[in-house]
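My questions are about this predicted structure, shown below with the sequence.
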Amino acid sequence: MTPLTPLPPLAVGFDLDMTLIDSRPGIARAYAYLAEETGTDIDTALVCSRLGPPVEVEMANWFPADEVEAMADRYRKLYAEYGVAGVTPLPGAVAALAAVRAAGGRTVVVTGKHTPNARLNLEALEMRVDALHGDVFAAGKAEALRAEGVRVYVGDHLGDVLGAREAGAFPVAVPTGPYDAASLRAAGAGVVLPDLTGFPAWLDDYLAAT
């Protein structure tokens, strides 16, 4: 379908967990409740050290294959109830979103997180974005990025770099998640910033050069 009005020429995408927000406290809490309910010994610190892939991937480390789907669904419900409190924006996240808007662009969150839970996090932190796409990971993010016309995509995971490259977006990486700067560069990130505090200045330079 053709939009009734043309989209602005700039759209910047962001991953959510460990890119815009530090969701580890909420994720750990939801897994702890799941462990208590099921009597399963889940190492929540280990879980939080490898965020990014779909929940089902993590659940396969703790539950038999025939229980993974049900446990993933239960986790998502527990997160919605107990996982939103204590989650905070990462340094520079709010300013990064504001910088895109100041440049006349749209902000788009494309995340592996369950869409309703991602929305709960954004609303709780009053982080306004123009579009949200959840439940997608790695190359699976490319469809949403292309549909939104995303020119730059920012993430903390190797899968975020892959998704950006697959969509033809410029991959910006931050080592605030499970991967260090060298790993993100090796995966093909166009630039690696220490965190999002440097994003507004980088965006100004990028727009001036393009």
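That came in fine, so what should we check first?

Next up, the contacts around Leu193.
Val172, Ala173, Val174, Phe199, Trp202 (C-beta atoms under 8 Å, 6 or more residues apart in numbering). Every residue, glycine included, has its C-beta placed from N, CA and C.

now it: how far from Gly92?
9 Å (C-beta to C-beta, to the nearest Å).

Mutual contacts of the two, please.
Joint contacts of Leu193 and Gly92 (C-beta under 8 Å, 6+ apart) are Phe199.

one step back: who wins for neighbours among the contacts of Leu193?
With neighbours set by other C-beta atoms under 10 Å, the maximum within the contacts of Leu193 is found at Val174, which has 32 neighbours.

separation between that residue and Asp15?
For Val174 relative to Asp15 (C-beta to C-beta), the value is 9 Å.

Which neighbours do these two have in common?
Common neighbours of Val174 and Asp15 (C-beta under 8 Å, 6+ apart) are Val154, Gly155, Asp156.

Which one of the residues you listed is nearest to Gly188?
Compare each of the shared contacts of Val174 and Asp15 with Gly188 using C-beta to C-beta and the shortest gap goes to Gly155, at 11.9 Å.

Identify the residues contacting the closest one.
Phe14, Asp15, Thr19, Val161, Gly163, Ala164, Pro171, Val172, Ala173, Val174, Gly177.

same thing with Lys141?
Contacts of Lys141 (C-beta under 8 Å, 6+ apart): Val110, His133, Tyr153, Gly159, Asp160, Gly163, Ala164, Glu166, Ala167.

Same question for it, what's its three-state structure.
Lys141 falls in the helix class when you classify it by DSSP: H, G, I helix; E, B strand; the rest coil.

give me phi/psi at the residue of the chain most remote from its centre?
In terms of distance from the mean C-alpha position of the chain, Gly39 ranks first, at 29.7 Å (C-alpha atoms, centre = their mean). In this entry, Gly39 is assigned phi and psi values of phi 70, psi 20 (degrees, to the nearest 10).

go on, Ala169?
Backbone torsions for Ala169, taken as degrees, to the nearest 10, come to phi -100, psi 150.
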